[in-house]
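Asker: Test case, fold it:
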Amino acid sequence: MEVDITTLISLLAAPLAAGAAYGGVKVGLNGMKQSIANIEKLCSRLDDKVDKHGERLASVETETENLKERVTDVRK
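Answerer: Just a heads-up that it's a prediction; the model follows:
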């Protein structure tokens, strides 16, 4: 059985293309995993900042209410 080079190349083309596509998908998925991890870190930091800001707002609101009560008491 004699196989010429053209037939051999054509038979190898599909597996090589599939291997290259798999490699590309794997690299793409790894990049996506890294991007998702970075987004999660960013969201976590923003969540912490929002929590701290909320705590400061609550503190200011409490102090404002206390001052309003003191002003009302002084006016009586």
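Asker: Next one: the spatially most central residue of the chain from Y22, what distance?
Answerer: Centroid-nearest residue in the chain: I39, 1.9 Å away (criterion: CA atoms, centre = their mean). From I39 over to Y22 the distance is 26 Å, taken as CB to CB, to the nearest Å. All C-beta spots, glycine's among them, are computed from the backbone N, C-alpha and C.
Asker: what does D47 give?
Answerer: D47 is 37 Å from Y22, by CB to CB.
Asker: and what of T64?
Answerer: Relative to Y22, and taking CB to CB, T64 is found at 62 Å.
Asker: again with I9
Answerer: Distance from I9 to Y22, by CB to CB: 20 Å.
Asker: Over to G31?
Answerer: When G31 is compared with Y22 (using CB to CB), they lie 15 Å apart.
Asker: okay, stretch 42-54 in PDB with CA atoms only?
Answerer: The C-alpha trace of stretch 42-54 is given here as PDB (Å, rounded to 0.1, in the frame of the first residue of the first chain):
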ATOM      1  CA  LEU A  42     -12.500  44.100  42.500                       C
ATOM      2  CA  CYS A  43     -16.100  43.400  43.600                       C
ATOM      3  CA  SER A  44     -15.000  42.300  47.000                       C
ATOM      4  CA  ARG A  45     -13.000  45.500  47.500                       C
ATOM      5  CA  LEU A  46     -15.900  47.700  46.300                       C
ATOM      6  CA  ASP A  47     -18.200  45.800  48.700                       C
ATOM      7  CA  ASP A  48     -15.900  46.500  51.600                       C
ATOM      8  CA  LYS A  49     -15.700  50.200  50.600                       C
ATOM      9  CA  VAL A  50     -19.500  50.400  50.400                       C
ATOM     10  CA  ASP A  51     -19.800  48.700  53.800                       C
ATOM     11  CA  LYS A  52     -17.400  51.200  55.400                       C
ATOM     12  CA  HIS A  53     -19.100  54.100  53.700                       C
ATOM     13  CA  GLY A  54     -22.500  52.800  55.000                       C
END
